[in-house]
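Novice: From the sequence below, what's the structure:
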Amino acid sequence: MVNKPLARARLINQGVAAPLQIAADTGSPAHAQEIAAYFGASQGQDFPGAIAALAYRLGTATAVDAVRQAFEQGLLVRGYPMRGTVFVTAAEDLAWITELCSGGPARSAQTNRPRLGLDDAHIDQAAQVLHDIAVDDGTTRTELFACFEQDGIPMGPGCGYHLLKALLHNGTVAYGPIVGESARMENRVMIAKQWLPHGSDLEGKFNGDKHAATVELLRRYLDSHGPATLRDAAWWSKLPLGKLRQAFAEIAEEYVSWNEVSGAPGSAAAVPGEELWVREDALPVIAEYDKAANKPRLLAAFDEIILGYQDRMYIVPEAHHADLVPGNNGVFRQAVIAGGEVIGFWKRQGPAAKRKLVIEEFKPFSATREKRVQARFNAYPFATA
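Specialist: Numbering: from 1, shown residues only. As a prediction, this is how the structure comes out:
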């Protein structure tokens, strides 16, 4: 069931409906890096959409350029740190989050290896090929897959991506600088030890202490996604709920129960004892921007507002939830939000110079709302998508 006060609070804490407090110069590549670090990890499957999602959180006219420069400068990267899917992280966070969270997805992927005609020796062979061709400036996936095949590695359907994901899961590679444009945009595949900051693995950041790393990742999740439950954090990270409860015990004094402080209808925990936690010092900011959070906005397809929680129906009306992912094929549509809920889906049509906004609205928009949504589209960071 849609919970509008909760949705508005999350829109504010996630930097969609309010500016995030960042120390870096506004609109700079370092600003983009700090926002990525604030989240810990954010959805990156649709790369142009991931750039846009960071850009509208920067909130400047040149935000897209800043995000692209952050990738070029090695401040931002993409990888498979958790859940077996692509995320954007600050470069200094990819290695330790991957070590902490990728074990389960890596083991799951390993069970598919024989079906593809691959074995563990092929992963080692692929790593050697990568080091031979990517030692200086990295490589593209096309170049890498061609070299795999030339080296005698089986390259049937799905093999190349399986090999690359395995190298991402085990920390051998990272996705770095951007090549290509529009739908062909991708990252160069970089050798992680050369591209990522030295000492950014679990040993370097936390002296190998997985509990300390879990505390840090949980803090970042609750700060950026709160109000949220520990079960939300477990679903998001795929870390055991018991370990997250142990971690929360160390930082609990920084948070308050949204269920108790909001006083909003529907704010009670869905399950007794599963409180929605929010930073206590975020409450004044939520109060300040609550009204502004009602304004119409356009979201990228895989924005954390939609994909950062186990239950999406806090913001998506149940009658339209299935429409968010047509055919349940894993491809999420771009949402229009206003008044603390998703009110429709949007897309762009036409060539780059003549793009037009197309809306699938749940209910007819008023003339005022239509004008405001169009204004959002005019200012949307297209990120060449």
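
Novice: Return the distance of stretch 29-45 from the chain's centre.
Specialist: Relative to the centre of its chain, stretch 29-45 is centred 8 Å away, using C-alpha atoms, centre = their mean, to the nearest Å.

Novice: Quick check: phi and psi at Ala90.
Specialist: Dihedral pair for Ala90: phi -60, psi 140, per degrees, to the nearest 10.

Novice: Is it correct that it is in contact with Gln33?
Specialist: Yes. With contact defined as C-beta atoms under 8 Å, Ala90 and Gln33 form a contacting pair (5.1 Å). Glycine gets a C-beta too; all of them are placed from N, C-alpha and C.

Novice: quick one, which of these two is more surrounded?
Specialist: Gln33 (26 against 23; other C-beta atoms under 10 Å).

Novice: Pull the contacting residues for the closest residue to that one other than its chain neighbours.
Specialist: Distances taken as C-beta to C-beta, 6 or more residues apart in numbering put Leu75 closest to Gln33, at 4.0 Å, once the chain neighbours are dropped. For Leu75, the contact set (C-beta atoms under 8 Å, 6 or more residues apart in numbering) comprises 29-30, 32-33, 90-91.

Novice: please redo it, this time with the cut-off set to 10 Å
Specialist: Leu75 makes contact with 24, 28-34, 36-37, 66-67, 69, 90-92, 197, according to C-beta atoms under 10 Å, 6 or more residues apart in numbering.

Novice: longest helix of the protein?
Specialist: When the chain is parsed with DSSP state H, its longest helix is helix 210-225.

Novice: returning to what we had before: for the residue nearest to Gln33, what are phi and psi?
Specialist: Per degrees, to the nearest 10, the backbone of Leu75 is at phi -90, psi -30.

Novice: now Ala174
Specialist: Per degrees, to the nearest 10, the backbone of Ala174 is at phi -140, psi 150.

Novice: how many neighbours does it have?
Specialist: Counted with other C-beta under 10 Å, Ala174 comes out at 28.

Novice: Show me the shaky parts of the protein.
Specialist: 182-183, 263-273, 383-385 (pLDDT under 70).

Novice: List the single closest residue to the most far-flung residue of it relative to its centre in space, sequence neighbours excluded.
Specialist: In the chain, the residue that sits farthest from the middle, by C-alpha atoms, centre = their mean, is Gly152; the gap is 35.2 Å. Leaving aside its chain neighbours, Gly152 sits nearest to Gln125 (8.0 Å; criterion: C-beta to C-beta, 6+ apart).

Novice: Could you report the neighbour count for the one you found?
Specialist: Going by other C-beta under 10 Å, the residues that sit close to Gln125 add up to 17.

Novice: C-alpha coordinates for stretch 214-230, PDB please?
Specialist: The C-alpha atoms that make up stretch 214-230 are tabulated as PDB, following Å, rounded to 0.1, in the frame of the first residue of the first chain:
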ATOM      1  CA  THR A 214      29.100  -4.600   7.800                       C
ATOM      2  CA  VAL A 215      28.600  -1.700  10.300                       C
ATOM      3  CA  GLU A 216      29.800   0.800   7.700                       C
ATOM      4  CA  LEU A 217      27.700  -0.600   4.900                       C
ATOM      5  CA  LEU A 218      24.600  -0.700   7.100                       C
ATOM      6  CA  ARG A 219      25.200   2.900   8.200                       C
ATOM      7  CA  ARG A 220      25.400   4.100   4.600                       C
ATOM      8  CA  TYR A 221      22.300   2.200   3.600                       C
ATOM      9  CA  LEU A 222      20.200   3.600   6.500                       C
ATOM     10  CA  ASP A 223      21.600   7.100   6.000                       C
ATOM     11  CA  SER A 224      20.700   7.200   2.300                       C
ATOM     12  CA  HIS A 225      17.700   4.900   2.200                       C
ATOM     13  CA  GLY A 226      16.000   5.600   5.600                       C
ATOM     14  CA  PRO A 227      13.400   5.300   6.900                       C
ATOM     15  CA  ALA A 228      14.200   1.600   6.200                       C
ATOM     16  CA  THR A 229      14.100  -1.600   8.100                       C
ATOM     17  CA  LEU A 230      17.000  -3.900   8.800                       C
END
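
Novice: That one: how far from the chain's middle?
Specialist: Offset of stretch 214-230 from its chain centre (C-alpha atoms, centre = their mean): 14 Å.

Novice: How about it, which residues are buried there?
Specialist: 214-230 (16 or more other C-beta atoms under 10 Å).

Novice: And the host helix or strand of the residue nearest to Gly152, what does it pack against?
Specialist: Per DSSP states H and E, Gln125 falls inside helix 120-133. Under the contact criterion of 3 or more C-beta pairs under 10 Å, 6 or more residues apart in numbering; DSSP states H and E, helix 120-133 touches helix 141-150, helix 159-169, strand 173-179, strand 186-191.

Novice: at 6 Å what do you get?
Specialist: helix 141-150 (3 or more C-beta pairs under 6 Å, 6 or more residues apart in numbering; DSSP states H and E).

Novice: With only the CA atoms kept, save the helix it packs on in PDB.
Specialist: The C-alpha coordinates for helix 141-150 follow below in PDB (Å, rounded to 0.1, in the frame of the first residue of the first chain):
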ATOM      1  CA  ARG A 141      34.400  -6.100 -23.600                       C
ATOM      2  CA  THR A 142      34.400  -6.800 -27.400                       C
ATOM      3  CA  GLU A 143      38.200  -6.900 -27.400                       C
ATOM      4  CA  LEU A 144      38.400  -9.000 -24.300                       C
ATOM      5  CA  PHE A 145      35.900 -11.600 -25.500                       C
ATOM      6  CA  ALA A 146      37.800 -11.900 -28.800                       C
ATOM      7  CA  CYS A 147      41.000 -12.500 -27.000                       C
ATOM      8  CA  PHE A 148      39.300 -15.100 -24.800                       C
ATOM      9  CA  GLU A 149      38.200 -17.000 -27.900                       C
ATOM     10  CA  GLN A 150      41.700 -16.700 -29.500                       C
END
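
Novice: so that helix versus helix 120-133, what angle?
Specialist: 120 degrees (axes from the mean of the first three to the mean of the last three C-alpha atoms, to 10 degrees).
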